[in-house]
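> the following block contains a protein sequence and its predicted model.
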Amino acid sequence: MKQRRLFPHDKNYILMQAQEDMRKALLRDMVEMVKANYEAFHNPLGLIDDTILQIRQSKRYPVEPFMDFYHDLSVIYRYKFGEVQLEFIWDGRSHYQKYCDDWQVYFKQSVSQLCHTESFVKVVLAISVFMKPGTRNKLVKNRLRNLLTQRFELKINKQKGLILRKA
């Protein structure tokens, strides 16, 4: 188990737990957003062909290939909103619930913005809808990571941590 270095009620621990608990649901939402976005931009007349039919009929898809993408976006969020001081919450919600709500809004906004990038839509559909079981997806994961690097101008390195991307 990973050793915690700070006190148990540190904001980042609560936020990390909220992000982890919401991971599968948000990744499913992401794929549904991408599917809807694809249809809106590439099929505005609502015509049904084999591709659209396959996209519409896909209800179960693996979220595991998106774990690195989710982790990287989580790290970027904690970097951007990284103060460790707990704040006063006056509306009766717990810190956990507030961080769940804030993270969900940020995640969906980020995915919505990324949906305007055609390569993001293609990569997500390739992984979720069109990828055959047992296919290696390392190259596709790297494409997702590169899209995040370009979008946020930050790069995540496993040894060095978060690095500002040089222009």
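Done, it's in. Everything numeric here is computed off the predicted structure, so don't read it as measured data.

> for this structure, what are the low-confidence residue spans?
For the chain, the stretches with pLDDT under 70 are 1-10, 82-87, 133-138, 154-167.

> which parts of it are strands?
Taking DSSP state E as the criterion, the chain carries its strands at 154-157, 161-164.

> helices and strands around the helix ranked longest in the chain, which ones?
Of all the segments assigned as helix in the chain under DSSP state H, the longest by residue count is helix 11-42. Helix 11-42 sits against helix 50-57, helix 67-80, helix 95-114, helix 118-125, with contacts defined as 3 or more Cβ pairs under 8 Å, 6 or more residues apart in numbering; DSSP states H and E. Heads up, the C-betas are built off the backbone N, CA and C, glycines and all.

> enumerate every residue touching the most centrally placed residue in the chain.
For the chain, the residue sitting closest to the mean C-alpha position, by Cα atoms, centre = their mean, is Tyr70 at 3.9 Å. For Tyr70, the contacting residues are Arg23, Leu26, Leu27, taking Cβ atoms under 8 Å, 6 or more residues apart in numbering as the criterion.

> repeat that for 7 Å
In this structure, Tyr70 makes contact with Arg23, Leu27, judged by Cβ atoms under 7 Å, 6 or more residues apart in numbering.

> residues making contact with stretch 52-63?
The contact list for stretch 52-63, computed with Cβ under 7 Å, 6+ apart, reads Lys24, Leu27, Arg28, Val31, Lys35, Tyr38, Glu39, Asn43, Leu125, Ser128, Val129.

> tell me how far the fourth one lies from Ser74.
It refers to Val31. Counting by Cβ to Cβ, to the nearest Å, the separation of Val31 from Ser74 is 17 Å.

> ok, the first one next?
When distance is defined by Cβ to Cβ, Lys24 is 13 Å away from Ser74.

> out of the contacts of stretch 52-63, which are buried?
Neighbour counting by 16 or more other Cβ atoms under 10 Å classes Leu27, Arg28, Val31, Lys35, Tyr38, Leu125, Ser128, Val129 among these as buried.

> ok, now which ones touch the last one?
Translated: Val129. Neighbour list for Val129: Gln54, Ile55, Ser58, Tyr61 [criterion: Cβ under 7 Å, 6+ apart].

> what about the first one, how many residues nearby?
If you count neighbours by other Cβ atoms under 10 Å, Gln54 ends up with 12.
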